[in-house]
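1. Got a sequence here, can you build the structure:
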Amino acid sequence: MLTNNQIVSSSPEVMGGTPVFTGTRVPVQTLLDYLKAGESIDEFLDGFPTVTREQVISLLEIMETQITNMVA
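-> Sure thing, here's the model as predicted:
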């Protein structure tokens, strides 16, 4: 699994501090928008080839853990 700083980063110099996938200018929100619209991870990755599958899966695993911990 990737470390947090290999998955998402935020800097005022990149997209005004919007959380993006590390090494890209692709906002994390874009992935969430794709998923909410019923698009697949593969469709997202096809549209944003600078994001890796490992980054997406790692982010979703972190989100899963955080949600599970919220209700535990």
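2. Got the phi and psi for E39?
-> When read as degrees, to the nearest 10, the backbone of E39 gives phi -80, psi 160.
3. Skipping its backbone neighbours, what lies nearest T24 in space?
-> Closest residue to T24 apart from its sequence neighbours, by C-beta to C-beta, 6 or more residues apart in numbering: T50 at 4.3 Å. C-beta coordinates here come from the backbone N, C-alpha and C atoms, glycine included.
4. That neighbour looks like it's in a strand, true?
-> No. Assignment of T50 by DSSP: H, G, I helix; E, B strand; the rest coil gives coil, placing it outside any strand.
5. Distance check, it against L35.
-> The spacing between T50 and L35, counted by C-beta to C-beta, to the nearest Å, is 18 Å.
6. Same check on G16?
-> 23 Å.
7. Comparing the two, which shows the higher neighbour count?
-> L35 (15 against 8; other C-beta atoms under 10 Å).
8. Output the residue ranges of the strands in the chain, listed in chain order.
-> For the chain, strands defined by DSSP state E occupy the ranges 8-9, 20-21.
9. helices or strands up against the last one?
-> Meaning strand 20-21. Packing partners of strand 20-21 (3 or more C-beta pairs under 8 Å, 6 or more residues apart in numbering; DSSP states H and E): strand 8-9, helix 28-36, helix 53-71.
10. average model confidence for that strand?
-> Mean per-residue pLDDT for strand 20-21: 98.
11. Please state the offset of that strand from the chain centre?
-> 6 Å (C-alpha atoms, centre = their mean, to the nearest Å).
12. Find the residue at the geometric middle of the protein.
-> V28 (4.2 Å; C-alpha atoms, centre = their mean).
13. and that one, what does it touch?
-> Contact analysis of V28 by C-beta atoms under 8 Å, 6 or more residues apart in numbering lists V8, P19, V20, F21, L59.
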